[in-house]
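[1] sequence? don't have it. structure:
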């Protein structure tokens, strides 16, 4: 079945949604990260569209989606409302989806399934390369206050991995970089971290790249120091599949070591690949999604 393209209203933004309906089949909703757009999921769409209904959308400020000048418009509270609006606009106010997130999409997805109001809309959650922000800070605190040098080393390693977060919080630095060197920085970052040079996803225009970077960089300014609350032990009841690329240079595997304390039904899969493993190792990634969703 062919895809449908439409806009969904969420608070003071409009979100560009693409929907592949497939009556009687489970619905998968994909959440892209930074700096990405919904086209990052094209490899998944091509492989899974015959067996599932599929939904992708551009996060606020990306692609054809509008952005808000409201203060804290990129705080997670607004982003959760965006996901809810997309679910309502595709499968209805009583519909449920299997959620898949990467990078910031994964970070936001964790908060979605932790929220008592939103989690009833989710049948399962597949997360790659993005932690729950409060659990990340809790892990850092545990590591730094431990008496184990290996934990200190892991915390320092993740601190080094997060160099770009510090850069993005220097006033004007990200805007200057992305406005002048955006296409070069974007393509270099992706090709060094899992997107092959011949991948058609790299054929984004300078304007598309600018829209993927400039407004969404506020994610790094409005959330890490104002995170969602720490979930209670054993409070995450949605079945979760955690996919961990071995060579991810942004998110260390150790960040997820305590998640069994919070998630009642957790599966872990360590796979080959770097940060954009859903591109470079798409077959394995898609197989894991298919098997996990079928088991629910």
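    Cool, the structure landed. Computed from a predicted structure; not experimentally measured.
[2] Identify the residue nearest the residue most central in space within the chain in space, chain neighbours excluded?
    Nearest to the mean C-alpha position of the chain, by CA atoms, centre = their mean, lies residue 105 at 1.7 Å. Once flanking residues are discounted, residue 105 sits nearest to residue 31: 3.0 Å by CB to CB, 6 or more residues apart in numbering. C-beta coordinates here come from the backbone N, C-alpha and C atoms, glycine included.
[3] Phi, psi for the one you found please.
    Phi and psi for residue 31, reported as degrees, to the nearest 10, are phi -120, psi 110.
[4] Any idea how many residues pack against it?
    Other residues near residue 31 come to 30 when the count uses other CB atoms under 10 Å.
[5] Does residue 210 belong to a helix, a strand or coil?
    Using DSSP: H, G, I helix; E, B strand; the rest coil, the three-state assignment for residue 210 comes out as helix.
[6] got the contact list for it?
    By CB atoms under 8 Å, 6 or more residues apart in numbering, the contact set of residue 210 is 178, 179, 182.
[7] of all those residues, which comes closest to residue 115?
    For the contacts of residue 210, the closest approach to residue 115 (CB to CB) belongs to residue 178, at 30.9 Å.
[8] what are the phi and psi angles of the closest one?
    phi -70, psi -30.
[9] cool, and the one 5 residues further on?
    When read as degrees, to the nearest 10, the backbone of residue 183 gives phi -60, psi -40.
[10] Also the one 3 residues further on?
    Dihedral angles phi and psi of residue 186 (degrees, to the nearest 10) take the values phi -60, psi -50.
[11] Not including adjacent chain positions, what is the nearest residue to it?
    Leaving aside its chain neighbours, residue 186 sits nearest to residue 209 (4.8 Å; criterion: CB to CB, 6+ apart).
[12] Number of residues surrounding residue 25?
    15.
[13] Can you verify it is assigned to a strand?
    No. Counting by three-state DSSP, residue 25 is located in no strand; its state is coil.
[14] And the strands in the protein?
    4-10, 13-20, 27-31, 53-57, 97-102, 122-128, 240-245, 266-271 (DSSP state E).
[15] Look up how far residue 235 lies from residue 110.
    12 Å (CB to CB, to the nearest Å).
[16] Kindly report the same for residue 95.
    24 Å.
[17] got a list of what residue 162 touches?
    Per CB under 8 Å, 6+ apart, neighbours of residue 162: residue 250.
[18] Let me know the pLDDT of it.
    Here the pLDDT value assigned to residue 162 is 79.
[19] ok, it to residue 156 distance?
    11 Å.
[20] quick one: low-confidence ranges for the stretch 1-150 of the chain?
    1 (pLDDT under 70).
[21] can you give me the helices for it?
    With DSSP state H, counting those that start in this stretch as the criterion, the stretch 1-150 of the chain has helices at 42-48, 76-91, 104-114, 133-145, 149-161.
[22] Of all these, which one is nearest residue 290?
    helix 42-48 (6.9 Å).
[23] Can you give me the buried ones in that closest one?
    Under the neighbour-count criterion of 16 or more other CB atoms under 10 Å, helix 42-48 has 43, 44, 45, 47, 48 buried.
[24] likewise stretch 288-296?
    288, 289, 292, 293.
[25] Quick one: mean pLDDT for that stretch?
    On average, stretch 288-296 scores 97.
[26] And for stretch 234-248?
    97.
[27] Now tell me what touches it from outside.
    With contact meaning CB under 8 Å, 6+ apart, stretch 234-248 is reached by 113-114, 119, 122-129, 194, 253, 256, 259, 261-275, 277, 281, 285, 288-289, 292, 296.
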